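Student: build the 3D model from these lines:
(chains A and B)
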Amino acid sequence: MSIFEYNGSALVAMVGKNCFAIASDRRLGVNLQTVATDFQRIFKIHDKLYIGLSGLATDAQTMYQRLVFRHKLYQLREERDMKPQTFASLVSALLYEKRFGPYFCQPVIAGLGDDDVPFICTMDCLGAKELAKDFVVSGTASESLYGACESMYKPNMESEELFETISQALLSSVDRDCLSGWGGHVLLVTPTEVQERTLKGRMD
Amino acid sequence: MECVFGLVGDGFALVAADTSAVHSILVHKSNEDKVMILDSHKLLGASGEAGDRVQFTEYIQKNVHLYEFRNGIPLTTAATANFTRGELALALRKNPYSVNILLAGYDKNIGPSLYYIDYIATLHKVDKGAFGYGSYFSLSMMDRHYKSGMSLEEAIDLVDKCIIEIRSRLVVAPPNFVIKIVDKDGAREYAWRESIKDAGVSAA
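Tutor: Numbers count the residues shown, from 1 in each chain, chains lettered A, B, ... in the order given. Okay, the predicted model is just below:
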């Protein structure tokens, strides 16, 4: 099994009408053994910017700590929050710094930019950015997620419908992947509020 | 075949570990204490390569004491867990420690807590955790019988069930175990479960 499949993960982010949703599974495993069913993979950078980190859990935790550090420094110097595009470039730079000994994680970044225009992107473990207008996926269930999102996604969905779509896409994809699952965690972010919900799926 | 497992009960946390020191086919001793008392209200159960285990846990213990000497107040369990994870993560890409850790502690305003820290520095707060081949048996027993807020009697009963399971089902099962608990009155040894006593050294 590859190092990216050691802990198991599934992440997806989708764009809606003036909102975005980011969702992850909740399993933490060690190869085929499940260690915890409440593991958090999506982290808040600021009110309108979230990053999900799939792949090796230890590197995801280290990356998160480094990114929070860099963002706090940025906030002190610039006296404002980072834009999602800027943050994505920061993540990309941090990952490429370790080009010949990389962090084994694949981030999914989702945020509301200027004028609350939703922004999502993903990158590989070396920092190659992949911008998308509709959805991005990452993790051991990524292939299933691509299929599910491609068939279920519609542009300009309102927040309730977006929540339904992303939840169904996540749950149906992780059900086909033994390394991810044990429920889901969905964050729906609009310009005025953030809704955080836990999904109950097949607990296996 | 080292087994370490732990759980959180009502106002206490406990860690149990096997007590064999093994090299290849030889059992050096059967009363090796692998659950270190970090400070008045913290326990560190460790499993892994013998040298790394002792060196790393003593390093953590001394640093925890140093913090208390310097600052006059002890570290919280969460802070200790994050410090331990940080040290493992720093060493991971230079000179990794092969030590798996279960850190149990009691904080006055928070209560008992248990942290699972992998050898590759994956950190997660859990209610029950286990490492080693014994984890296949102890995690399953705990999944079946554990409920949150167990009394000490119920928890020790569950630990004994796990030990019986390990002894009967693991091919090279360790014969002896030590159980340590931590609660508001501090960290202390609770009991040994011995099926083989070390023969004393006879006088020359």
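Student: only C-alpha atoms from now on, for both contacts and neighbour counts.
Tutor: Noted.
Student: tell me where the chain has helices.
Tutor: Answering for chain A, as no chain was given. A:57-78, A:84-97, A:142-152, A:159-174 (DSSP state H).
Student: sorry, should have said chain B
Tutor: B:50-71, B:77-92, B:134-145, B:152-169.
Student: redo those as JSON lines? Include mean neighbour count, mean pLDDT and distance to A:W182.
Tutor: Shown next, in JSON lines, are the helices of chain B (neighbours: other C-alpha atoms under 10 Å in any protein chain shown; pLDDT from 0 to 100; distance: least, C-alpha to C-alpha, whole Å):
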{"stretch": "helix B:50-71", "mean neighbour count": "15", "mean pLDDT": "96", "distance to A:W182": "32"}
{"stretch": "helix B:77-92", "mean neighbour count": "19", "mean pLDDT": "97", "distance to A:W182": "25"}
{"stretch": "helix B:134-145", "mean neighbour count": "18", "mean pLDDT": "95", "distance to A:W182": "14"}
{"stretch": "helix B:152-169", "mean neighbour count": "17", "mean pLDDT": "96", "distance to A:W182": "24"}
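Student: excluding covalently adjacent residues, which one is nearest to B:K184?
Tutor: B:Y106 (6.4 Å; C-alpha to C-alpha, 6 or more residues apart in numbering or on different chains).
Student: that neighbour: how many residues sit nearby?
Tutor: B:Y106: 26 surrounding residues under other C-alpha atoms under 10 Å in any protein chain shown.
Student: show the pLDDT at it.
Tutor: pLDDT, B:Y106: 97.
Student: surely it meets B:G9?
Tutor: No. Using C-alpha atoms under 8 Å, B:Y106 makes no contact with B:G9, being 11.2 Å away.
Student: list the contacts of whatever residue of chain A ends up closest to chain B.
Tutor: The minimum distance from chain A to chain B, using C-alpha to the nearest C-alpha, falls at A:T58 (4.4 Å). The neighbourhood of A:T58, defined by C-alpha atoms under 8 Å, 6 or more residues apart in numbering or on different chains, consists of B:89, B:120-123.
Student: A:G101 versus that one, what's the distance?
Tutor: Taking C-alpha to C-alpha, to the nearest Å as the measure, A:T58 falls 14 Å from A:G101.
Student: find the centremost residue of chain A, please.
Tutor: Among the residues of chain A, the one closest to the centroid is A:G52, at 2.9 Å (C-alpha atoms, centre = their mean).
Student: my read is that that one contacts A:F43, right?
Tutor: Yes. Using C-alpha under 8 Å, A:G52 is in contact with A:F43, at 6.1 Å.
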